[in-house]
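>>> sharing a model prediction with you, sequence too.
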Amino acid sequence: MAGERLLIVEDNLIELTLLQSDLESRGYQCITAADGEEALEKLERREVDLIISDQNMPGMDGLSLLQEVKKRFGSLPFIMLTREGSIDAAVTSIRSGANDYLQKPYDIIELQSVINRSISYRRLSDENNKLKAHLKGNYGLSKLITSSPEMAKVIELVRKVAVSPRVAVAIYGESGTGKEVLARAIHTEGEGLENRFVAVNCAGVPSALLESELFGHVKGAFTGADRERKGKFDLAQGGTILLDEIGDMGLDLQVKLLRVLQEKVYEPVGSNKQVKADLRVITATHRNLEELIKEGKFREDLYHRINVFPIILPPLRERRNDIPLLTEHFLRELNNEIGKPLPGISKKAMESLEQYHWPGNVRELKNCIERAAILVEGSLIQEEHLNFISGSGPVEVPPPDSVLHQPGAVRFNFSIEEAELSPESIIEAAKEQVLAYCNGNKSKAAKLLKRSRTFFYR
């Protein structure tokens, strides 16, 4: 490593000259200063990669210079040169922020090694900070595009829980609302950013294989286990694991997950060796876990263990003022991908987006915008470029006269096929009309029905 710019601060002219000569002969560029004040003046005018300073100097000594450098220039590498026998002073310099120290008379080879090590550490630290900034920009709270009061509350919850890295978080919301995006934001804004975020879809892995997927297995644990395999909990150590669609996990595995959350240990399949679980567990589901408990499909003790810090993501139809913001965001993201100029969106097309009820939520909106951006030939996306799941155009919210809310009485207007008639189908039809009457606002509908908001999640 050569060519780096070094600032040498030494009040003894002979020692200064010799050190400068030795370092320049090894390819370094050297700037010199006779005391701390001169060093600070030169630092204001020139950028350097590292400072080498004598500790004992008249006026501003090495420790005072170190403190000023840290205050003005941050993490600039600093090596302190001390007299023989001044170990206490050397330790003080390290505690004050110096990268390293050498006693005089020093060995030039050793000094070169310390210089290279200090500069390498600084570069790795800078790269790590850039990576963290990149991750926060791509997966942090800045990815939660919103202007709605409901989402503002969600973001505030994320800020609070992110700094508590071992608190279990449960995220509830319909499919497509961005539960994994929210989980990543919690991880990214937290203290374990340098470690992994691992997501597992519990509904996407056969129940017979899910235990091995989560906890790993040893060789010979079952037929086909010809070698040891690490599980997702191993990969997420020190970081975060997201157990998505936790409501689809079988009861047998729920017992084992409960033990992990309670005792912070787990065992790979086929092993009796315990492994410490040092990570945050986030769960997510679109299902109503309280209803699953009543049906005997979910353990109540596990529910209380994962539900320490619940967060409910509102569906897109309950925050329609976010639709224009999300549309613009998705169009900007697509600009480099579709290989043509960024299209705008017509007023009529935007009105259609705002009127649609979005059963697929934010995911459906993103897919809709991506398709429209590919199809459009002009500068504006028009209504004909939009594609909705339930038809070719927006679906209007049913008018209030389908549910007449009069003082002391509510009248419903719906019909059910005779073959599908059941108490459950009547309840579901009534729930849908109450929700339509409340313009998709689950909180308002739940209050009207004297139920919790989760009553509307299926």
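Received it, and whenever you're ready, just let me know what you need. Everything numeric here is computed off the predicted structure, so don't read it as measured data.

>>> from now on I want contacts and neighbour counts done on CA atoms only, so please keep to that.
OK.

>>> pLDDT below threshold where in the stretch 251-400 of the chain?
Within the stretch 251-400 of the chain, the ranges that satisfy pLDDT under 70 run 389-400.

>>> how does it look with 80?
335-342, 389-400 (pLDDT under 80).

>>> then the stretch 1-150 of the chain?
1-3, 83-96, 124-143.

>>> which stretches of it form helices?
Ranges of helices within the stretch 1-150 of the chain are 13-25, 36-45, 62-73, 87-95, 108-139, 149-162, based on DSSP state H, counting those that start in this stretch.

>>> need the winner for burial among those helices.
For the helices of the stretch 1-150 of the chain, average neighbour numbers computed from mean count of other Cα atoms under 10 Å are highest in helix 62-73, which has a mean of 17.

>>> who touches it?
Applying Cα atoms under 8 Å, 6 or more residues apart in numbering, the contact partners of helix 62-73 are 36-37, 40, 53-56, 76, 78, 80, 93, 96-98.

>>> repeat the analysis, applying 6 Å as the threshold.
Gly36, Asp54, Gln55 (Cα atoms under 6 Å, 6 or more residues apart in numbering).

>>> outline the domain layout of this protein.
5-131, 140-314, 318-385, 400-456 (automatic domain parsing).

>>> and Leu386, which of the helices of the stretch 1-150 of the chain is closest to it?
Across the helices of the stretch 1-150 of the chain, Leu386 has its closest neighbour in helix 149-162 (25.8 Å, Cα to Cα).

>>> after the closest one, next one along is what?
strand 169-172 (DSSP states H and E).

>>> check which helices and strands the helix or strand that comes right after that next one is in contact with.
Using DSSP H and E, the next helix or strand after strand 169-172 towards the C-terminus is helix 179-189. Contacts defined by 3 or more Cα pairs under 6 Å, 6 or more residues apart in numbering; DSSP states H and E place helix 179-189 against helix 149-162.

>>> the inter-axis angle of the helix it packs on versus helix 179-189?
40 degrees (axes from the mean of the first three to the mean of the last three Cα atoms, to 10 degrees).

>>> helices or strands up against helix 149-162?
Helix 149-162 packs on helix 179-189, going by 3+ Cα pairs under 6 Å, 6+ apart.

>>> nearest to Thr188 among the helices of the stretch 1-150 of the chain would be which one?
Closest among the helices of the stretch 1-150 of the chain, using Cα to Cα: helix 108-139, at 6.0 Å.

>>> what confidence value was assigned to Lys444?
pLDDT, Lys444: 80.

>>> so it is in which element?
Per DSSP H and E: helix 442-449 holds Lys444.

>>> distance of the spatially most distant residue from the centre of the chain relative to Met60?
Centroid-distance maximum for the chain: Ile14 at 54.9 Å, with Cα atoms, centre = their mean. To Met60, Ile14 is 20 Å away according to Cα to Cα, to the nearest Å.

>>> over to Asp322?
Counting by Cα to Cα - Asp322 and Met60 are separated by 57 Å.

>>> so Ile312 sits against Glu174, correct?
No: between Ile312 and Glu174 there is no contact under Cα atoms under 6 Å: 9.4 Å.

>>> so for Val255, which of the helices of the stretch 1-150 of the chain sits nearest?
Val255 sits nearest to helix 149-162 of all the helices of the stretch 1-150 of the chain, at 25.6 Å, using Cα to Cα.

>>> so what touches that closest one?
Ile186, Glu189, Gly190.

>>> same deal with stretch 277-292?
With contact meaning Cα under 6 Å, 6+ apart, stretch 277-292 is reached by 165-166, 168-174, 237-246, 264-265, 298, 457-458.

>>> and the helix holding Lys444, what's buried?
Within helix 442-449, the residues scored as buried using 16 or more other Cα atoms under 10 Å are Lys442, Ser443, Lys444, Ala445, Ala446.
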